[in-house]
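Enquirer: Here is a sequence together with a model predicted from it:
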Amino acid sequence: MNLIPPFEFQRVVVAPWTTELANYGVMALMSFLVAAACGLVGNYLILRRMALVGDAISHSVLPGIVVAFLATGSRGTVPMFIGAVGAAVVTTLLIEGIHRHSRVKQDAAIGIAFSSLFAIGVILISLFADKVDLDQDCVLNGELPLIPLSPSVQLWGIPLGPPALVRMAVVLLLSVVGILLFYKELLVGAFDPGLAASLGFRPGWILQGLMVWLSIVVVSAFEAVGAILVIAMLILPGATASLVSDRLGRRMVLSVVHSALSAVLGMHLSVWLDCSPSGAAVVAGSGLFVVAWLSGPHDGVLPRIWRRRRTLEEVIDPAEAEDYPGSGRVIR
C-alpha cells in the first residue's frame, strides 16, 4: 500500500488549469484572496507581537454565530456574518480591557478571552442542540471545495462569482485601500505608540481600528479556511516576508507574493494527495517559510553559516587554520 499516490503530471498540473479550471481556478483564487487579506493585516500583528489575537478571534466567533441564529431563526449568511463580527469585536475589546485594567499580560488575556467565549458557545450549542446544526468539518477546515458550486453574484447582469469569493475580494480591496490611506499611522502605531501619541495620532484608536478590521477579515475568511487554519494565514505570509526584508512596504508585497504561491502550490498539492485544499495551501506556505528561513538574505541559516565561515577565514591565519577544525579553511 502506497501512502503517497503516484504523481500524474496531466492530472495534477495540467487538468486544474484546463478541463477543471471552473472548480480549481475558483478555489485557488479564493485561497489567494484569503491568504493575501490575512497576510496584510498579519504583518501589523507580527510587529505588535499580537499574532495569537487572530487565533482568539477565530475561536470566539462561535457564540456570536449561535446567538445570531437564536435571535433571527435563520442560518443565512448575513445574520451569521453580523453575529460572528460582533463576537470578534467583543473578543478584541475584552482582551484589551483585561490587559489595560489589570496586571494580566496580553498573552494571558488572550487565553482568558477566547477560551471563555468559546466555552460559552459550546454551552449554547449544548442547550439548543436540537435547533442549531453546525458542520464540524466546516468549522475546522472550511468549505473551500463547495465555494465554486455556489450560484454566482450578478451585477448589472454580469456574473462576478460565488458570494464568498466576491465578499473576500471586497475585503482584500478595502484592506489595500485602508493600508494605503493610513500607512503612516499604522506603521508608527505598531513600532512606537508613544511616538504616535507625540505626533498627534491616537494609538488606542489605531489599535481598536486594526482589531475591528482584523475581526472582519477573519470572519470573511472563516467560510473558506475554517477556524483552525485562519491563524496560519495570518502569520505565515508576514513571517516569511520578515525573513527576506526588514522594510514594511516590501514585506507587504512579499506577503502577497507568498499568498499567490501558497494558493497555486496548495491547489496542486491537494489534487495530487486528494486532501483538504485549505490544509494543502497552509502546508505549501509552510514550505515557503522553511525556504526563507534557510536562505533568507538577512537571517537565513545558510547565509549566516557562510558569513561566519568567511569571517573565520579572514581573521585566522591560514598557517594556523588546522588548529580550528570548524574554520572552513579553503585548501588551494
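Expert: Received the coordinates, thanks.

Enquirer: where exactly do the helices run in the stretch 51-200 of the chain?
Expert: 52-72, 77-100, 106-127, 136-141, 163-181, 183-191, 193-198 (DSSP state H, counting those that start in this stretch).

Enquirer: Just the pLDDT for the closest residue to residue 262 other than its chain neighbours.
Expert: Closest residue to residue 262 apart from its sequence neighbours, by CB to CB, 6 or more residues apart in numbering: residue 285 at 3.9 Å. Any C-beta I mention is one placed from the backbone N, CA and C, and that applies to glycine too. As predicted, residue 285 sits at a pLDDT of 92.

Enquirer: now do residue 175
Expert: For residue 175, the model assigns a pLDDT of 92.

Enquirer: Same check on residue 194?
Expert: Per-residue confidence (pLDDT) for residue 194: 74.

Enquirer: Just give me the neighbour total for it.
Expert: The local packing of residue 194 (other CB atoms under 10 Å) involves 9 other residues.

Enquirer: who's in contact with it?
Expert: Contacts for residue 194 (CB atoms under 8 Å, 6 or more residues apart in numbering) come out as residue 203.

Enquirer: Not counting sequence-adjacent ones, nearest residue to residue 110?
Expert: Here the residue nearest residue 110, using CB to CB, 6+ apart, is residue 56, at 4.9 Å.

Enquirer: how far out from the middle of the chain is the single longest helix found in the chain?
Expert: If you go by DSSP state H, the chain has its longest helix at helix 203-242. Averaging C-alpha positions (CA atoms, centre = their mean, to the nearest Å) puts helix 203-242 6 Å from its chain's average.

Enquirer: In that helix, which residues are buried?
Expert: Buried positions in helix 203-242, judged by neighbour count with 16 or more other CB atoms under 10 Å: 203, 206-207, 209-211, 213-242.

Enquirer: circling back to that earlier point, correct me, but the residue nearest to residue 110 touches residue 114?
Expert: Yes: with contact defined as CB atoms under 8 Å, residue 56 and residue 114 form a contacting pair (3.5 Å).

Enquirer: can you list residues touching both of the two?
Expert: With CB under 8 Å, 6+ apart, residue 56 and residue 114 have common neighbours residue 91.

Enquirer: So for the two, which sits in the more crowded spot?
Expert: Ranked by neighbour count (other CB under 10 Å), residue 56 and residue 114 place residue 56 first, with 26 against 23.

Enquirer: mind listing what the more buried one touches?
Expert: Contacts of residue 56 by CB under 8 Å, 6+ apart are 91, 95, 110, 111, 113, 114.

Enquirer: Next up, the contacts around the first one.
Expert: Meaning residue 91. With CB under 8 Å, 6+ apart, residue 91 has these contacts: 56, 57, 60, 113, 114, 117, 215.

Enquirer: now the fourth one
Expert: Counting by CB under 8 Å, 6+ apart, residue 111 makes contact with residue 56.

Enquirer: May I see the contacts of residue 91 arranged in a markdown table, with distance to residue 105 and pLDDT as well?
Expert: Shown next, in a markdown table, are those (distance: CB to CB, whole Å; pLDDT from 0 to 100):
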| residue | distance to residue 105 | pLDDT |
| --- | --- | --- |
| 56 | 14 | 75 |
| 57 | 19 | 75 |
| 60 | 19 | 76 |
| 113 | 13 | 82 |
| 114 | 15 | 78 |
| 117 | 19 | 83 |
| 215 | 22 | 78 |
